[in-house]
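Q: Build me a model:
(2 chains)
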Amino acid sequence: DAGVTQSPTHLIKTRGQHVTLRCSPISGHKSVSWYQQVLGQGPQFIFQYYEKEERGRGNFPDRFSARQFPNYSSELNVNALLLGDSALYLCASSYLQGDLNTEAFFGQGTRLTVV
Amino acid sequence: GQSLEQPSEVTAVEGAIVQINCTYQTSGFYGLSWYQQHDGGAPTFLSYNALDGLEETGRFSSFLSRSDSYGYLLLQELQMKDSASYFCAVRLRPGRRALTFGSGTRLQVQP
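A: Okay, here's the model as predicted:
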């Protein structure tokens, strides 16, 4: 079975540009969450989508946006890139939103470098 | 704000037992999870405690005390492949579905 897949795996952008990261959840999973992980830190929550609707948003500026498609895949968009946006961006999928088992399955992430 | 405290680094030898502690101060609490992350890899789920007590899964066990806002991950019979970062994570409630992660504990297993 395919796990959570993210593309691209690595990306280099310059300041001011925008970027789109993509995520395909595990088949049957309807909830997708995005996290940012800076080197040496734990993942920080950016967004959660469930059934194509935003269900949660972390403390990130409006330059960050996301959406979920009818097939439950998702995109994370970041505009006006800053050097501080350099990080590993992780996508996680789960079967049910808020179920007792909080297991989230993470993808390998997209390593974004802003120069 | 929310905070989860973990030791930054732990070193142990192969075959030993190690305990990684996590204390949390959060506005809500809906269970404590543990994730393992190898360098360059994705976080992978290890265990989850919703109620007080010990949960055992093979060589790994996790404990929670809600009254103390404290939990730990216990790794037994350490193997070299256990060298990784370990994160505790809290799911807040009500209505918050996201996981709030600690900064992680880097475990180095030595021969």
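
Q: switch to C-alpha atoms for all contacts and neighbour counts from now on
A: Fine.

Q: Strands of chain B, start to end?
A: In chain B, strands defined by DSSP state E lie at B:3-5, B:9-13, B:18-25, B:32-37, B:44-49, B:53-57, B:60-65, B:70-75, B:84-91, B:99-101, B:105-110, listed in chain order.

Q: How about residue A:6, nearest residue that isn't a chain neighbour?
A: In space, and not counting its chain neighbours, residue A:6 is closest to residue A:23: 4.5 Å by C-alpha to C-alpha, 6 or more residues apart in numbering or on different chains.

Q: wait, what's in contact with the one you found?
A: Residues touching residue A:23, when contacts are defined by C-alpha atoms under 8 Å, 6 or more residues apart in numbering or on different chains, comprise A:4, A:5, A:6, A:7, A:73, A:74, A:75, A:91.

Q: quick one on the thing from earlier: Throw the strands of chain B into CSV and include mean pLDDT and distance to residue A:60, thanks.
A: As requested, the strands of chain B are exported to CSV (pLDDT from 0 to 100; distance: least, C-alpha to C-alpha, whole Å):
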stretch, mean pLDDT, distance to residue A:60
strand B:3-5, 93, 17
strand B:9-13, 97, 28
strand B:18-25, 97, 21
strand B:32-37, 95, 23
strand B:44-49, 92, 24
strand B:53-57, 94, 34
strand B:60-65, 97, 30
strand B:70-75, 98, 28
strand B:84-91, 95, 18
strand B:99-101, 90, 14
strand B:105-110, 98, 25
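
Q: Put together a markdown table for those, with mean neighbour count and distance to residue A:28 on each row.
A: Formatted as a markdown table, the strands of chain B follow (neighbours: other C-alpha atoms under 10 Å in any protein chain shown; distance: least, C-alpha to C-alpha, whole Å):
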| stretch | mean neighbour count | distance to residue A:28 |
| --- | --- | --- |
| strand B:3-5 | 18 | 32 |
| strand B:9-13 | 14 | 37 |
| strand B:18-25 | 19 | 33 |
| strand B:32-37 | 24 | 22 |
| strand B:44-49 | 20 | 18 |
| strand B:53-57 | 13 | 26 |
| strand B:60-65 | 21 | 28 |
| strand B:70-75 | 21 | 30 |
| strand B:84-91 | 25 | 22 |
| strand B:99-101 | 23 | 21 |
| strand B:105-110 | 20 | 32 |
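
Q: residues near residue A:21, how many?
A: Other residues near residue A:21 come to 21 when the count uses other C-alpha atoms under 10 Å in any protein chain shown.

Q: Quick one: name the residues of chain B near chain A.
A: B:33, B:40-45, B:48, B:50, B:87, B:91, B:96-104 (C-alpha under 8 Å from any C-alpha of the partner chain).

Q: Go ahead and name everything in contact with stretch B:54-63.
A: Stretch B:54-63 is contacted by residues B:46-49, B:52-53, B:64, B:71-77 when judged by C-alpha under 8 Å, 6+ apart.

Q: brain fart, stretch B:3-17
A: The contact list for stretch B:3-17 (C-alpha under 8 Å, 6+ apart) reads B:18, B:20-26, B:74-80, B:88-89, B:101-111.

Q: if we can go back for a sec, beta partners of the residue nearest to residue A:6?
A: Applying DSSP bridges to residue A:23 gives these bridge partners: residue A:6, residue A:74.
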